[in-house]
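In: Quick one, what's the 3D model for this:
(one chain, ligands or ions: 1)
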Amino acid sequence: PKGLGALAERKRRYFGVAWDVNRAVDSDYTQLVLAQFDQITAENSLKWETTEPSRGVFNYTNGDFVVGTALANHMSFRAHVLVWHSQLPAWVTAGNFSKTELTSIMKNHIVNVAGHYKGKVYTWDVVNEVFNEDGTFRSTVFYDTIGAEFIDIAFKTARQTDPHALLAINDYNIDGTGAKSTAMINLVKGAKRRGVPIDQIGAQAHLVVGTLPTDIQANWQAFTDIGVVVAVTEVDIRMPTPPTAESLAQQAADYKTVVSACLNIKKCVGVTVWGASDKYSWVPDVFPGEGAPLQWDDNLVPKPAYNATVQAL
Ligand code: XIL
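Out: Numbers count the residues shown, from 1 in each chain. So this is what the prediction gives:
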């Protein structure tokens, strides 16, 4: 244990980071990652488009590299993701499969991918982003073809395949209370009543500087009150670019809020940031005019957000 990971472990949490094969070529960056964190999530390499690019053809080259790096460095590995509507190959989205066919395709995917990584995974994100903002189910190829039942089937299949991995449902905008967080609670409650093995709610926590909900801790606490643990899985806190002294200070306060919320919740198991350096964040590509959401700047210099995290831990 080292860096933020070591500090988190003193509080019986982990502090993790998204990293991937395409970052390994930057050795300074990778050294930073290995020096600071004790958990890795593959940012992209375990997504369906990579692991099963054509039907029945599985590719684990990149995933194996990330898992191998994590385990060789005594970091735990969070596996992301089995069933998600995004980064899904066209053969799935445009296949026009029947309910029976798509169910068997989904199960086969889970059995193969979770089977390949069996024993190496601390938690699997089994399903990701199933809700709309109003708490209704998102229209996706899985929901539209199979119905909400796809979620139960995915969890049961994952449990059978890798009985030792914790199984998570993951989403964004479930930080504060509201329709989406309520929907998450209701889904997990119902699933548990039906004997569906959901162990963890993952709150992605893709946030915006200065706009954090005031009830994050109470909301995540409410998740754990229904018999699951919570993990903060993809933290970044973006701002209009370029940063100013003021926005960096607000960001530091916001990181402290998120990290402290987890530490204050008995069943919050850890925090994962969605990258370490601003130079590799996905944010500027997806939110034009926004960026600088992480704890180290483009030159790998620690930002106030890093210092605030150390203080919070
Ligand atoms: C993002 C990655 O960071 C990008 O590199 C990729 O191009 C798109 O996906 N929610 C998730 C993650 O669950 O998988 C997403 O990761 C960010 C939003």
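In: Adjacent strands (with direction) for whichever strand or helix holds Ala18?
Out: For Ala18, the enclosing helix or strand under DSSP states H and E is strand 14-19. If you go by DSSP bridges, strand 14-19 pairs up with strand 39-42 (parallel), strand 268-273 (parallel).
In: can you tell me which of those strands comes nearest to Val57?
Out: strand 39-42 (19.1 Å; Cβ to Cβ). Bear in mind the C-beta positions are built from the backbone N, C-alpha and C, glycine included.
In: Report how many residues lie close to the residue of the stretch 201-313 of the chain found nearest the ligand.
Out: Across the stretch 201-313 of the chain, the shortest distance to the ligand (Cβ to the nearest ligand atom) belongs to Trp282, at 3.5 Å. Number of residues near Trp282 (other Cβ atoms under 10 Å) recorded here: 17.
In: Name the nearest residue to it, ignoring sequence neighbours.
Out: Ranked by Cβ to Cβ, 6 or more residues apart in numbering and with sequence neighbours excluded, the top spatial neighbour of Trp282 is Trp274, at 7.0 Å.
In: how near is that neighbour to Lys118?
Out: 26 Å (Cβ to Cβ, to the nearest Å).
In: More neighbours: these two, which one.
Out: Trp274 (21 against 13).
In: Surely the more buried one touches Val232?
Out: No. In this structure Trp274 lies outside contact range of Val232 using Cβ atoms under 8 Å: 10.5 Å.
In: what secondary structure does Pro275 sit in?
Out: No, residue 275 isn't Pro; it's Gly. coil (DSSP: H, G, I helix; E, B strand; the rest coil).
In: burial measure for it, as a count.
Out: The number of residues packed near Gly275 is 25, by other Cβ under 10 Å.
In: shouldn't it be in contact with Ser281?
Out: Yes. Assessed by Cβ under 8 Å, Gly275 is found in contact with Ser281 at 5.2 Å.
In: No further questions, thank you.
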